[in-house]
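Asks: Fold the following and give me the result.
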Amino acid sequence: MKKFLAAILFAPLLTFAAGIELHLDRAPDKSNDMAALQNGAKIFVNYCLNCHSASYMRYNRLRDIGLSDTQVKENLLFTAEKVGEPMKIAMQRADAKIWFGVPPPDLTIIARARASQSGSGADWLYTYLRGFYRDENRPTGWNNVVFENVGMPHVFWELQGDQVMGADHTLKLVKPGKLKPQEFDAMAGDLVAYLKYMGEPVAEFRKRLGVIVLIFLAVTFVFAYALKREYWKDIH
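Replies: Sure thing, here's the model as predicted:
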């Protein structure tokens with residue numbers, strides 16, 4: 001488990017080390033949007049699962065976001081044979097270290113891990129996914145506004161297009177991609193929503209259960225207080 005957490009946090013945010021305040025864009029809340037979560041799962045499987053595993057997440061948990069086992073088998077089951085298997089990858093860590101300098105981290109709880117560093121893991125991921133820009137000094141040709149000198153290439157460059165860092169330290173789109181900026185932002189939001197869900201699949205159930213428990217305790221308190229008054233009325 002220690003190695004797993006170390007892999008997720010395999011590099012520091014150098015912008016913090018340099019004393020620069022990091023601005024994170026607000027990620028849209030799509031926790032209860034089944035269509036967005038399903039699209040996020042599709043994006044994750046097609047773009048992320050080639051290099052990043054999610055070994056603590058099983059394919060059959062996708063039922064929670066409205067997908068049947070048949071839909072999972074026909075559209076998303078590329079790295080396993082059964083829906084009960086975890087989302088693992090074929091790439092070996094030794095090979096990944098040679099290719100990328102460090103093995104890509106497992107993404108099962110990446111949203112929760114980043115939340116411990118920056119206050120909101122969803123906001124960090126949303127800014128990160130939209131924050132790649134061209135940098136000829138990097139081996140991959142890409143850098144990132146919130147993860148300086150990141151080893152990961154920009155896998156969504158065809159969709160987003162090319163951004164460059166301007167003299168005013170803001171990103172500028174110089175070559176449009178296949179998606180309009182608003183469409184790419186929406187796609188990134190869907191992926192972040194799925195990554196957040198994957199880190200704690202029972203989060204929404206836990207919240208609903210918490211509300212029910214509080215209501216139950218409030219009702220119980222009323223009856224308990226009435227019983228107490230009835231019991232002690234002759235004494236007081």
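
Asks: which residues in the chain form strands?
Replies: Remark: strands of the chain, listed N- to C-terminal, are 54-58, 86-87, 132-134, 142-144, 161-165, 171-176; assignment by DSSP state E.

Asks: neighbours around D168, how many?
Replies: The number of residues packed near D168 is 6, by other CB atoms under 10 Å. (C-beta placed from N, C-alpha, C; glycine too.)

Asks: swap in N75?
Replies: 14.

Asks: Give me the nearest residue to it, chain neighbours excluded.
Replies: Distances taken as CB to CB, 6 or more residues apart in numbering place K42 nearest to N75, at 7.1 Å, with adjacent residues excluded.

Asks: Tell me how many other residues surround that neighbour.
Replies: The tally of other residues near K42 (other CB under 10 Å) stands at 16.

Asks: That one contacts F78, correct?
Replies: No: between K42 and F78 no contact is recorded; they are 11.0 Å apart, counting by CB atoms under 8 Å.

Asks: Could you list the low-pLDDT ranges of this protein?
Replies: Applying pLDDT under 70 to the chain picks out residues 1-21, 116-119, 236.

Asks: can you rerun that using 50?
Replies: Counting by pLDDT under 50, the chain shows low-confidence ranges at 1-19.

Asks: domain parsing for it?
Replies: Split into domains by automatic domain parsing, the chain comes to 2-131+152-160+178-201, 205-236.

Asks: residue ranges for the helices of this protein, please.
Replies: With helices called from DSSP state H, the chain shows them at 2-8, 14-17, 34-43, 69-75, 93-100, 110-118, 121-129, 157-160, 181-199, 203-232.
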